[in-house]
Structures are given as C-alpha cells and as structure tokens.
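Trainee: no sequence on this one, just coordinates:
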C-alpha cells in the first residue's frame with residue numbers, strides 16, 4: 001500500500017479535533033486572489049505610467065541627464081536586491097503584515113515596530129500624494145473639456161469624491177477592480193511609451209530647481225517610484241498560492257518597472273519626449289492638441305488613483321494585522337461581514353490620506369508637499385534597510401544563509417544608508433528644521449513604540465508576528481497533530497512536513 005493510500009485509509013478512522021485549527025488571518029478570506037490580481041496590486045502601487053513622466057522631469061529640472069539615467073539604473077539594481085532579500089521571507093511565510101511581520105524573524109519586535117511605523121508613514125504619505133496628483137490630473141481634464149472646477153472649494157470637493165469612490169471600491173473588495181486597474185495601467189504605459197518614442201525637436205521647458213543635490217533627489221525619486229513591489233506581501237494569506245505567487249511578484253515588479261523607468265530616462269537623455277513633457281507641464285499653451293493633453297491626463301489620473309487605492313489597501317492590511325496583535329486598538333481588526341475587508345482600517349487610512357491631500361490643495365502644494373514627499377522616501381529606505389539585514393540574520397539563524405543573500409543584503413542596506421545619510425546631512429545644511437525633526441521622529445518611532453508596549457501591554461509585544469497557518473481543513477484527518485500555540489489558539493504542531501524539517 002502506498003503512502004497516499006495509507007493516509008486516505010487513516011483519514012476515515014481519524015476523529016475530528018474538538019477545537020479545529022484556524023488561521024489567525026482567515027477573516028480576510030484565504031486563497032482567493034489569483035497571480036494576476038496580486039501582480040496588479042503590486043504594479044498599481046508603483047504607478048509606473050505616472051513615474052515615467054515624473055522621473056524625466058526631475059532629471060531635467062535638476063539638469064542631470066546622463067547622471068540621472070545612470071542613477072535610475074542603479075536604483076533599479078538596488079531595489080531588485082532588496083526584493084531578493086524580501087523573497088527569502090515570502091518563499092517561507094505568508095502574512096497580512098508584510099515586511100512588518102517578516103522582520104520579526106530576524107530583528108525581533110523592536111525592528112518590526114520600526115518597520116511598521118516606517119511602512120505606515122510611507123503608505124499614508126504615498127496615498128495622500130497620489131490622491132493629490134490624481135485629483136490635479138482630473139481637474140486638468142475637466143478644464144480642457146470646458147467644465148469649471150470651482151477653485152479651491154471645487155478642488156477639495158473633487159478630492160473628497162475621489163476618496164469616497166476609492167473607499168467604496170476597497171470595501172467592496174479589491175478583486176473586482178484589480179484586473180481593470182491593470183488593463184488601464186497597461187493602456188497608459190503603451191500611450192506614454194509611444195509619445196516617448198516619437199522623434200521631436202520641440203524644446204522642453206522645465207524650470208530649473210537650483211538645488212545642488214540633484215542626483216540625490218533623482219535617486220530618492222527613482223527608489224520611491226520603484227517602491228510598491230512589497231505591497232504584494234500584504235496579500236499573501238488571500239492569494240491562492242501565496243509562497244509562489246507573492247515571491248514571483250516581488251521579484252518581477254522592480255525589474256519590469258525599473259526597465260520602464262530606465263527607458264523613459266534614456267528617451268529624455270536622447271532628446272525625445274518633448275511632446276509628452278510639454279503636454280504634462282504646459283497643456284495646450286505650447287501648441288499641443290487638446291485631445292492629446294486630455295488623453296495623457298486621463299491616463300495619469302488613472303495611474304495616480306490606482307496607486308492611491310493600492311497604497312491604502314496595503315496599509316489597511318498592515319493596520320489590521322497590528323489590530324489582531326493588539327499593537328493598535330483591536331477595533332482595527334474588524335472585518336466587513338459580507339465583503340471580508342478590513343473596513344475600519346480602510347476608513348481610518350483613507351480618511352487620513354484625504355485630510356493630508358486636502359491640506360496640499362488648500363495650501364496649493366507649497367513646501368509642505370515637498371517635506372511630506374521627502375519623509376515618505378526616507379521612511380521607505382528605513383524599512384528596506386532593516387528588512388535587508390533581517391533577511392541575513394534570519395537565514396543565518398536557521399542555517400540557510402548563502403553568500404548571495406549576504407552580498408545582496410549588505411549592498412542594499414549600504415546603498416540605502418548612504419542615501420538616507422546624505423538626505424539627513426543635506427537637510428541639516430539647508431537648515432530645514434522641519435525635515436530634521438520629522439526624520440528624528442521617524443528614527444525613534446519604533447523604539448518609543450516598543451518602550452510603550454513594554455510598559456503598558458507586554459502581551460501585545462509578545463504577540464508581534466502573526467502569520468498565516470495551516471487549518472484543519474487543509475490536511476487529511478489523522479495526518480497531523482494539533483496543540484495550543486503561544487496565543488492560546490489551536491494550531492498544527494506536528495505533521496510529515498514538520499518532521500521532514
């Protein structure tokens with residue numbers, strides 16, 4: 001009798017456990033997202049169509065064409081190395097906490113809280129920024145077709161309507177919107193690529209920034225544009241094949257998006273892109289057809305708003321995981337009974353992003369927008385640097401460390417720390433007190449959060465690191481042993497797979 005036949009025979013004689021083993025993340029709805037839907041979430045977060053326009057403008061405004069091209073290429077390599085470090089976790093674990101949960105395996109709860117604070121800062125700021133730019137593109141389209149936007153009050157109303165629409169889509173569930181987002185993004189990418197390939201001698205009029213730190217800002221912009229691949233990790237428990245699907249998405253997204261961004265940088269360096277950048281910055285005032293301006297801004301608005309949706313979606317999973325652990329109030333772990341989405345976390349995250357973006361509108365952008373943008377980029381680098389080191393420490397502890405992972409982790413962390421250190425020094429030299437204070441708060445947030453939980457809720461601190469786990473229905477009866485875990489829940493404690501390990 002084969003092993004399979006023995007297992008089937010034993011399953012008929014086995015008695016069901018009194019308390020079945022259940023995944024702590026089952027409320028979200030396990031094993032429902034396909035590989036395409038997970039990929040759509042990851043790509044949407046990066047907003048590749050919009051970034052293919054913004055990065056060349058950054059290069060031109062700082063007068064760094066060849067240097068900017070090489071910097072974008074280098075940023076692609078660095079972010080790909082970080083993605084490789086993240087994949088060391090995704091091929092072994094699945095959690096709705098993403099990087100925050102993964103870091104507990106290598107850096108403990110203090111490192112996890114630091115990454116959690118950094119990722120919350122990054123996603124909330126990213127959601128606010130993309131909502132602001134998406135609303136600006138929508139207002140541009142309305143003006144071009146002759147519909148008045150009503151000044152500041154009208155702009156605020158448009159932002160609120162867009163935010164409510166995004167919230168309705170997210171509460172309803174990301175599945176029905178994921179494929180549509182990917183199709184719209186692909187159409188926008190094809191349109192922008194075609195404009196970049198057009199030979200055009202039209203001069204590109206870009207106001208110079210006058211900043212002596214052009215390459216630093218291009219590097220930060222490129223890394224932030226490539227950020228978003230990690231958003232796929234927050235949907236591991238909801239993916240049909242999490243360990244395979246999420247790992248492939250994490251590895252492929254920065255490579256694909258990096259190739260697109262490098263292409264757009266090359267196109268501008270080689271003298272192309274006059275029509276595209278002119279239509280984006282100056283509209284029809286330079287003689288460009290109105291239909292082209294409308295089409296471009298429609299594509300960009302879809303790209304921006306898809307990124308706002310994806311960023312809010314990822315942040316809601318992070319807050320939901322923290323709610324399960326009681327690191328934040330448990331009410332954030334509530335899930336909609338019908339749609340199985342963390343609606344409380346979604347409302348809070350998207351509400352905060354809407355308030356921030358509305359502030360940008362009321363102040364007409366101003367220096368506040370630039371500071372928030374720099375803070376989001378710094379938070380991203382902090383999270384990436386910690387997770388790169390955590391991957392090395394984790395693999396060393398389990399005896400699976402390789403020279404490739406060490407090299408990737410050291411290079412990724414070193415490059416991130418160099419960029420972050422340069423940003424801190426620059427902020428100090430320019431006497432940007434607000435930026436220095438925000439960076440200091442970000443650096444100390446994880447330590448302060450850890451100290452607070454240590455004194456007020458040590459049980460919550462011990463619970464950091466919730467992962468998806470096998471349920472009784474996932475294995476044949478009699479094929480595994482169950483027992484209580486550290487949280488008092490029934491979990492699989494012994495099986496042929498654990499014996500093999």
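Mentor: Cool, got the structure. Computed from a predicted model, the values in this text were never measured in an experiment. Numbering: from 1, shown residues only.

Trainee: packing partners for the helix or strand containing residue 81?
Mentor: Element membership of residue 81 [criterion: DSSP states H and E] is helix 66-90. Packed against helix 66-90, as judged by 3 or more C-beta pairs under 8 Å, 6 or more residues apart in numbering; DSSP states H and E, are the following elements: helix 48-61, helix 99-144, helix 214-226, helix 242-269, helix 366-397, helix 403-429. The way it works is simple: take the backbone N, C-alpha and C, and place the C-beta from them, glycine included.

Trainee: of all those helices, which lies closest to residue 288?
Mentor: helix 99-144 (10.9 Å; C-beta to C-beta).

Trainee: can you give me the angle the closest one makes with helix 48-61?
Mentor: 80 degrees (axes from the mean of the first three to the mean of the last three C-alpha atoms, to 10 degrees).

Trainee: I figured residue 123 was touching residue 311, is that so?
Mentor: Yes. Applying C-beta atoms under 8 Å, one finds residue 123 in contact with residue 311, separated by 4.8 Å.

Trainee: ok so, going back, need the helices and strands packed on helix 66-90 in CSV with mean pLDDT and mean neighbour count, can you?
Mentor: Formatted as CSV, these follow (pLDDT from 0 to 100; neighbours: other C-beta atoms under 10 Å):
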stretch, mean pLDDT, mean neighbour count
helix 48-61, 88, 24
helix 99-144, 93, 24
helix 214-226, 85, 24
helix 242-269, 93, 21
helix 366-397, 90, 21
helix 403-429, 88, 17
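
Trainee: mean confidence score for the helix holding residue 81?
Mentor: What helix 66-90 shows for mean pLDDT is 93.

Trainee: can you pull the contacts of residue 436?
Mentor: Residue 436 makes contacts with 424, 427-428, as judged by C-beta atoms under 8 Å, 6 or more residues apart in numbering.

Trainee: repeat that with 6 Å
Mentor: residue 427 (C-beta atoms under 6 Å, 6 or more residues apart in numbering).

Trainee: confirm it sits in a helix?
Mentor: Yes. According to DSSP: H, G, I helix; E, B strand; the rest coil, residue 436 belongs to a helix.

Trainee: return the distance of it relative to residue 426.
Mentor: 10 Å (C-beta to C-beta, to the nearest Å).

Trainee: and if you look at residue 407?
Mentor: Distance from residue 407 to residue 426, by C-beta to C-beta: 29 Å.

Trainee: kindly report the same for residue 38.
Mentor: Distance from residue 38 to residue 426, by C-beta to C-beta: 37 Å.

Trainee: please apply the same query to residue 237.
Mentor: From residue 237 to residue 426 the distance is 40 Å (C-beta to C-beta).

Trainee: do residue 318 as well
Mentor: According to C-beta to C-beta, residue 318 and residue 426 sit 29 Å apart.

Trainee: cool, residue 238 as well?
Mentor: As judged by C-beta to C-beta, residue 238 and residue 426 stand 40 Å apart.

Trainee: how about residue 351?
Mentor: Taking C-beta to C-beta, one finds residue 351 at 33 Å from residue 426.

Trainee: next one: residue 418
Mentor: 12 Å.

Trainee: I'd guess residue 303 is in a helix, am I close?
Mentor: Yes. Under three-state DSSP, residue 303 falls within a helix.

Trainee: mind listing what it touches?
Mentor: Counting by C-beta under 6 Å, 6+ apart, residue 303 has contacts 47, 49-50, 188.

Trainee: and which of the residues you listed is nearest residue 137?
Mentor: residue 50 (8.5 Å).

Trainee: grab the nearest non-local neighbour of that closest one.
Mentor: residue 303 (4.2 Å; C-beta to C-beta, 6 or more residues apart in numbering).

Trainee: cool, residue 299 as well?
Mentor: Using C-beta to C-beta, 6+ apart and skipping the chain neighbours, the partner closest in space to residue 299 is residue 188 (3.4 Å).

Trainee: tell me which residues in the helix or strand hosting the one you found are buried?
Mentor: Applying DSSP H and E as the criterion places residue 188 in helix 175-197. Counting neighbours by 16 or more other C-beta atoms under 10 Å, one finds that the buried residues in helix 175-197 are 177-178, 181-182, 184-185, 188-189, 191-193, 195-196.

Trainee: average pLDDT for that helix?
Mentor: pLDDT averaged over helix 175-197 gives 77.

Trainee: number of nearby residues for residue 338?
Mentor: Other residues within reach of residue 338, judged by other C-beta atoms under 10 Å, total 10.

Trainee: how near is it to residue 172?
Mentor: Counting by C-beta to C-beta, the gap from residue 338 to residue 172 is 9 Å.

Trainee: ok, residue 33 next?
Mentor: Residue 33 is 15 Å from residue 172, where distance means C-beta to C-beta.

Trainee: go on, residue 81?
Mentor: With C-beta to C-beta as the criterion, residue 81 and residue 172 are 37 Å apart.

Trainee: looking at the two, which one has more neighbours?
Mentor: Neighbour count, other C-beta under 10 Å: between residue 81 and residue 172, residue 81 has more, with 23 against 15.

Trainee: tell me who's in contact with that one.
Mentor: Taking C-beta under 6 Å, 6+ apart, one finds 408, 411-412 in contact with residue 81.
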